[in-house]
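S.K.: can you look at this prediction? I've put the sequence above it.
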Amino acid sequence: MNLEIKSIEFINEVNDSENDNVDISVNLSNGDSYAFTVFTLKNIACLMEKENESFFYCPDILIVKTITEENIKKGIEHIIKSGCLDSVGIKQE
């Protein structure tokens with residue numbers, strides 16, 4: 001089956017597209033929805049510094065240069081084409 005993205009819903013507001021993170025819901029052409037948390041590298045570095053940590057993890061992570069719908073769509077499309085959707089995104093029931 002050839003999955004396509006029907007819509008991307010931002011769950012919270014993005015204040016700085018270069019240094020922020022956002023929860024999203026991705027709705028697909030087959031009716032499935034997946035949740036992701038989108039981070040920028042700058043945001044990850046800031047969070048690590050703020051918490052004085054040498055590591056960072058998140059189960060449903062997508063990293064983009066800047067938080068834009070175009071960058072997110074490119075990332076999700078690549079995840080779908082790679083066959084990794086179920087291991088990267090969290091399927092919504």
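M.R.: Looks like it arrived, so ask away.
S.K.: which residues touch stretch 72-90?
M.R.: Applying C-beta atoms under 8 Å, 6 or more residues apart in numbering, the external contacts of stretch 72-90 come out as 3, 5, 8, 24, 26, 34-36, 38, 59-62, 64. No exception for glycine: its C-beta is placed from N, CA and C like everyone else's.
S.K.: equivalent analysis for stretch 38-54, please.
M.R.: With contacts defined as C-beta under 8 Å, 6+ apart, stretch 38-54 is touched by 17-24, 55-56, 58, 61-67, 72, 75.
S.K.: again, only using 7 Å
M.R.: By C-beta atoms under 7 Å, 6 or more residues apart in numbering, the residues outside stretch 38-54 that reach it are 18-22, 24, 56, 61-67, 72.
S.K.: what does stretch 6-18 give?
M.R.: With C-beta under 7 Å, 6+ apart, stretch 6-18 has contacts from 20, 22-29, 40, 42, 66-69, 72-73.
S.K.: give me the buried entries from those.
M.R.: Among these, those buried by neighbour count (16 or more other C-beta atoms under 10 Å) are Asp20, Val22, Ile24, Ser25, Val26, Leu28, Thr40, Ile67, Ile72.
S.K.: now render those residues as JSON lines, adding distance to Gln92, pLDDT and secondary structure.
M.R.: Shown next, in JSON lines, are the buried ones among the contacts of stretch 6-18 (distance: C-beta to C-beta, whole Å; pLDDT from 0 to 100; DSSP: H, G, I helix; E, B strand; the rest coil):
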{"residue": "Asp20", "distance to Gln92": "22", "pLDDT": "98", "secondary structure": "coil"}
{"residue": "Val22", "distance to Gln92": "16", "pLDDT": "98", "secondary structure": "strand"}
{"residue": "Ile24", "distance to Gln92": "11", "pLDDT": "98", "secondary structure": "strand"}
{"residue": "Ser25", "distance to Gln92": "7", "pLDDT": "98", "secondary structure": "strand"}
{"residue": "Val26", "distance to Gln92": "9", "pLDDT": "98", "secondary structure": "strand"}
{"residue": "Leu28", "distance to Gln92": "11", "pLDDT": "97", "secondary structure": "strand"}
{"residue": "Thr40", "distance to Gln92": "24", "pLDDT": "98", "secondary structure": "strand"}
{"residue": "Ile67", "distance to Gln92": "21", "pLDDT": "98", "secondary structure": "coil"}
{"residue": "Ile72", "distance to Gln92": "17", "pLDDT": "98", "secondary structure": "helix"}
